[in-house]
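K.L.:
Have a look at this prediction, sequence included:
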Amino acid sequence: MAAAGGYFVTRARAPASGATAVTDSVALADSAVGRCRASSGDAQMDCYDAFLVPVVASHGVRTAMGALHVLGTRDDQVRADGHVYAHAIGIAAGRAGRADVGRAFADCNEIFQSGCYHGVIQAYFEDVRAVDTATANRLCSAFRSPTADQWLRFQCVHGMGHGLMMVYDHDLPRALTGCDLLSEGWDRESCYGGAFMENVVNATQPHHAAHALHSHAAAHTHGAAPAFKALDPNDLQYPCSIVGQRYLVACYNMQTSVMLYFTHGDMAAAARSCLGAPQPLEPVCFQGLGREVSAYARQDHHEAIRMCSLASAEYQPWCHVGVVKNFIDLTAKPEDGIAYCRVVTGSANRRKCYEAVGEQIATLRNNPTERAAACGPVAADYRDACRYGARLTSVPPH
């Protein structure tokens with residue numbers, strides 16, 4: 001546990017606390033399915049939002065997240081959209097405990113790519129009119145020490161990117177400039193990723209409760225329609241095609257969401273569009289494609305492998321990197337990534353897959369002994385790739 005900048009932060013990973021909370025989560029999920037199953041599309045999302053968000057006040061964050069977890073097992077579409085629902089729960093939690101961001105963080109967990117944490121940070125920014133250097137660097141300072149939880153550090157600074165977008169009324173260039181105030185490059189890059197993600201999600205799902213914060217933030221800024229055009233159906237490289245060089249890695253990591261939105265989920269077309277990225281950024285684009293593959297395949301290993309095969313052989317390893325990192329992002333469990341790599345075909349693909357598992361382990365585990373143990377279940381022929389990704393050795397795998 002650590003305290004900094006007035007925020008007391010601890011770590012909690014259980015979806016719910018105690019048998020009563022688990023029982024409540026199951027019962028609430030059953031009730032939500034009964035109410036919302038007959039709807040579809042936006043109407044269904046609104047229905048689940050209207051059900052889940054009030055649970056934060058009535059039963060607590062952990063019970064709400066537990067209900068979302070159960071819903072994800074019963075409704076494939078909720079599972080696919082779970083990150084956005086988790087954002088909405090986190091925003092409600094952050095609003096309820098705005099004076100104690102750390103307490104709200106402690107009640108969240110990592111399911112659905114840690115969206116609850118991101119929502120808490122978004123809510124923190126709700127009443128912020130502008131962000132200066134001191135404010136930007138204070139919020140996540142508890143996680144900057146060598147022994148701090150790097151996973152939560154990422155969730156905090158990534159959430160800051162989402163929050164800055166809302167502070168500045170979804171003016172992406174201005175939000176990115178806010179991320180530039182962060183003193184460390186790792187934090188800036190993570191913040192950029194949150195801003196680009198918010199740009200895409202707000203443009204493609206603007207009705208969702210997780211973005212109702214936008215109207216509050218706009219009231220604190222200029223109040224007019226956003227000056228920045230979020231997406232361009234005539235340019236599948238936009239906004240990457242117009243932002244500065246230092247933002248391009250974060251941008252292209254999210255750009256496949258834009259490509260798939262405008263091609264109506266055509267994975268092969270998105271793979272072809274990635275070849276339109278600047279050559280050094282093509283691997284980044286294909287890694288982003290892998291993240292999308294994970295969601296489109298509903299975490300089915302063999303379907304994910306089939307979708308990655310739509311990329312050229314040169315870039316398939318990067319697609320698998322995106323898939324496996326997303327698998328681990330969903331649960332914060334390295335073993336979920338290892339299970340995927342075991343069924344990936346081709347030595348180059350499998351080696352890159354295990355290296356990506358190691359990179360995730362390096363974020364999840366500070367202690368080298370724990371990192372080594374997490375790589376332990378990897379087959380001996382590929383364990384060096386995991387260890388290299390986990391920064392246990394400087395010798396690249398071959």
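P.N.:
Structure received. Numbering: from 1, shown residues only.
K.L.:
Convert the C-alpha atoms of the helix or strand V258 falls within to PDB, please.
P.N.:
With secondary structure defined by DSSP states H and E, V258 is part of helix 248-262. Only the C-alpha atoms of helix 248-262 are listed here, as PDB (Å, rounded to 0.1, in the frame of the first residue of the first chain):
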ATOM      1  CA  LEU A 248       2.000   7.400 -33.600                       C
ATOM      2  CA  VAL A 249       2.800   4.200 -31.700                       C
ATOM      3  CA  ALA A 250      -0.200   4.800 -29.300                       C
ATOM      4  CA  CYS A 251      -2.400   5.800 -32.300                       C
ATOM      5  CA  TYR A 252      -1.700   2.900 -34.500                       C
ATOM      6  CA  ASN A 253      -2.200   0.500 -31.600                       C
ATOM      7  CA  MET A 254      -5.800   1.700 -31.500                       C
ATOM      8  CA  GLN A 255      -6.300   2.400 -35.200                       C
ATOM      9  CA  THR A 256      -7.600  -1.100 -36.100                       C
ATOM     10  CA  SER A 257     -10.700  -0.200 -34.000                       C
ATOM     11  CA  VAL A 258     -11.300   2.600 -36.500                       C
ATOM     12  CA  MET A 259     -10.600   0.300 -39.500                       C
ATOM     13  CA  LEU A 260     -13.000  -2.400 -38.300                       C
ATOM     14  CA  TYR A 261     -15.700   0.200 -37.500                       C
ATOM     15  CA  PHE A 262     -15.700   1.500 -41.000                       C
END
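K.L.:
Packing partners of it?
P.N.:
helix 185-204, helix 267-274, helix 282-296 (3 or more C-beta pairs under 8 Å, 6 or more residues apart in numbering; DSSP states H and E). Glycine gets a C-beta too; all of them are placed from N, C-alpha and C.
K.L.:
Pull out the buried residues from the second one.
P.N.:
Going back to what we said before, that points to helix 267-274. The neighbour-count check on helix 267-274 (16 or more other C-beta atoms under 10 Å) flags 267, 270-274 as buried.
K.L.:
Please tell me how far that helix is from the chain's geometric centre.
P.N.:
What separates the centre of helix 267-274 from the centre of its chain is 22 Å, taken as C-alpha atoms, centre = their mean, to the nearest Å.
K.L.:
can you check stretch 107-123 too?
P.N.:
Relative to where its chain is centred, stretch 107-123 has its mean C-alpha point 9 Å off (C-alpha atoms, centre = their mean).
K.L.:
Now do the contacts for the most centrally placed residue in the chain.
P.N.:
Nearest to the centroid of the C-alpha atoms of the chain, with distances taken as C-alpha atoms, centre = their mean, sits Q113, at 4.7 Å. Listed by C-beta atoms under 8 Å, 6 or more residues apart in numbering, the contact set of Q113 reads 82-83, 86, 326, 329-330.
K.L.:
which element is it on?
P.N.:
Taking DSSP H and E as the criterion, Q113 maps to helix 111-124.
K.L.:
cool, and T63?
P.N.:
With elements delineated by DSSP H and E, T63 resides in helix 61-74, which encompasses its position.
K.L.:
Nearest to V201, out of the contacts of Q113: which one, please.
P.N.:
Among the contacts of Q113, H83 lies closest to V201 (C-beta to C-beta), at 8.7 Å.
K.L.:
Look up the pLDDT of the closest one for me, please.
P.N.:
Looking at H83, its pLDDT stands at 86.
K.L.:
coming back round to it: which SSE is immediately downstream of the helix holding Q113?
P.N.:
Going down the chain from helix 111-124, the next helix or strand is helix 133-139, by DSSP H and E.
K.L.:
avg pLDDT for whichever helix or strand comes after that next one?
P.N.:
Per DSSP H and E, helix 133-139 leads on to helix 150-167 as the next helix or strand towards the C-terminus. Average pLDDT, helix 150-167: 89.
K.L.:
that older thread, mind checking which of the contacts of Q113 are in helices?
P.N.:
Among the contacts of Q113, the residues falling in helices (DSSP state H) are 82-83, 86, 326, 329-330.
K.L.:
Now flag whichever of the residues you listed is closest to Q150.
P.N.:
Distance from Q150 was checked for each of the ones in helices among the contacts of Q113 by C-beta to C-beta. The minimum falls on D329, at 13.6 Å.
K.L.:
got a pLDDT number for the spatially closest residue to the closest one that is not a sequence neighbour?
P.N.:
Taking C-beta to C-beta, 6 or more residues apart in numbering, and ignoring the residues beside it in sequence, D329 has Q113 as its nearest neighbour in space, at 4.7 Å. According to the predicted model, the pLDDT of Q113 comes to 80.
K.L.:
again, but for A4
P.N.:
The predicted local confidence for A4 comes out at a pLDDT of 28.
K.L.:
swap in R103?
P.N.:
Per-residue pLDDT puts R103 at 74.
K.L.:
separation between it and D235?
P.N.:
Taking C-beta to C-beta, to the nearest Å as the measure, R103 falls 44 Å from D235.
K.L.:
Then C140?
P.N.:
In this structure, C140 lies at 33 Å from D235, with C-beta to C-beta as the measure.
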